[in-house]
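*Asks:* Kindly generate the corresponding structure for this input.
(4 chains)
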Protein chains: 2
Amino acid sequence: MKRTSFEQAECPIARSLDSIGDWWSLLIIRDAFLGRRRFGEFQKSLGLAKNILTVRLRALVDDGILKNAPASDGSAYQEYVLTPKGRGIFPILVALRQWSEEFSPEPCFATLLVDREQGRPVRKLELRAEDGRLLDGIDTMLQPNPPAKRRRRA
Amino acid sequence: MKRTSFEQAECPIARSLDSIGDWWSLLIIRDAFLGRRRFGEFQKSLGLAKNILTVRLRALVDDGILKNAPASDGSAYQEYVLTPKGRGIFPILVALRQWSEEFSPEPCFATLLVDREQGRPVRKLELRAEDGRLLDGIDTMLQPNPPAKRRRRA
DNA sequence: GGACGCGGTTTCATAATGCAACTACACAAC
DNA sequence: GTTGTGTAGTTGCATTATGAAACCGCGTCC
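*Replies:* Numbering: from 1, shown residues only, chains lettered A, B, ... in the order given. Here you go, the predicted model:
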């Protein structure tokens, strides 16, 4: 079967999906943002099989998204915490959340993403041009970036 | 095996993943944003097996992300085009792209997302508070939204 | 009307998933 | 020190999804 890998793909989206594009990885990361750190916490919260969790955690560590921290509370067990690369996934989670809230047939508002300072819901993610104009999907395009330019960064 | 479904999940992120959380769906949607509409176009571009593409396209149509358009050029074949819900996925794609560009070990800049008017690269996605302050992951928190409040929207 | 391209469906081998049972270790109680 | 409990996995097996290739009906082209 040989599940196709996008590790070498040219498209950055495909590359992202190679790291976090399977069923559980993003949910593990979401839980990590919620403060979960221990194997058992993930397992109980997500309800996935332990062998799968083992494989996923190892893959996320290998990808530099999580790292093993030696301890934290007294006990000599280890924990999984987000690296900077892992914390960089936050906008992706927000985008997924907002899409679901906007378009799901029966949206669920069990939780709300609020800003910590004021406790009010955040705005929608904004895509802006270099000069600050607010952009929509149709206002953008993909420009091929020729290899020459890429290397010499001219 | 019975692949677990998140259709009924409370978490909006899990719900999103239920629709677009598998290997190919997001890439199909990406291609749709690039203007591809025909079965054969997707198949050639993605290089996935035709049976898988059939299943994925049907699922995306069932989810209201794509819809079958009767024609477009002369020929009596049908096409797959993005619905409004499908176009709403754009920020997710941008987030994935930017994450890869920022954190990939050897980022690939084969293509650049530019704004159509000026041809310059877009900014990073911005998350803002209600009052316009720029927010980071740590500036936010998930607030449980009690069902009572949910219904009366008080 | 015959060849070809399009849009699939069918078939089959194989890899990923899910479940449950099992192991190894740390820590605590007795 | 040994029994017990919880954590963090590993192993084995049944089930499902995936991928490759062959096949097929239909519309087009010439």
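*Asks:* mind listing what A:Gln43 touches?
*Replies:* A:50, A:53 (CB atoms under 8 Å, 6 or more residues apart in numbering or on different chains). For the C-beta atoms, the positions are set from N, CA and C on the backbone; glycine is no exception.
*Asks:* in which helix or strand would I find it?
*Replies:* Using DSSP states H and E, A:Gln43 sits in helix A:39-46.
*Asks:* and if you look at A:Ser100?
*Replies:* Counting by DSSP H and E, A:Ser100 is part of helix A:90-103.
*Asks:* Pull the contacting residues for A:Ser16.
*Replies:* So A:Ser16 contacts A:92, B:96-97, B:99-100 (CB under 8 Å, 6+ apart).
*Asks:* An error on my part: the question was meant for A:Arg37.
*Replies:* A:Arg37 sits next to A:69, A:72, A:79-81 when contact means CB under 8 Å, 6+ apart.
*Asks:* does A:Leu17 sit in a helix, a strand or a coil?
*Replies:* Following DSSP: H, G, I helix; E, B strand; the rest coil, we place A:Leu17 in the helix state.
*Asks:* where's the most centrally placed residue in chain A relative to chain B, distance?
*Replies:* The residue lying closest to the centre of chain A (CA atoms, centre = their mean) is A:Ile89, at 3.4 Å. Between A:Ile89 and chain B the distance is 6 Å, computed by CB to the nearest CB, to the nearest Å.
*Asks:* And for A:Ile13?
*Replies:* With CB to the nearest CB as the criterion, A:Ile13 and chain B are 5 Å apart.
*Asks:* ok but that residue is inside a helix, no?
*Replies:* Yes. Counting by three-state DSSP, A:Ile13 is part of a helix.
*Asks:* list the contacts for A:Gln98?
*Replies:* A:124-125, B:91.
*Asks:* By neighbours, which of the residues you listed wins?
*Replies:* Neighbour counts for those peak at B:Pro91, which has 21 neighbours (criterion: other CB atoms under 10 Å in any protein chain shown).
*Asks:* picking up where we left off before, leaving out chain neighbours, which residue sits closest to the residue nearest to the centre of chain A?
*Replies:* A:Ile29 (5.5 Å; CB to CB, 6 or more residues apart in numbering or on different chains).
*Asks:* Does the one you found touch A:Leu93 like I think?
*Replies:* Yes. The pair A:Ile29 and A:Leu93 qualifies as a contact (CB atoms under 8 Å) at a distance of 7.2 Å.
*Asks:* Which neighbours do the two have in common?
*Replies:* Common neighbours of A:Ile29 and A:Leu93 are not found (criterion: CB under 8 Å, 6+ apart).
*Asks:* picking that back up, mind telling me the two of the contacts of A:Arg37 farthest from one another?
*Replies:* With distances taken as CB to CB, the most widely separated pair in the contacts of A:Arg37 is A:Ser72 and A:Tyr80, at 10.6 Å.
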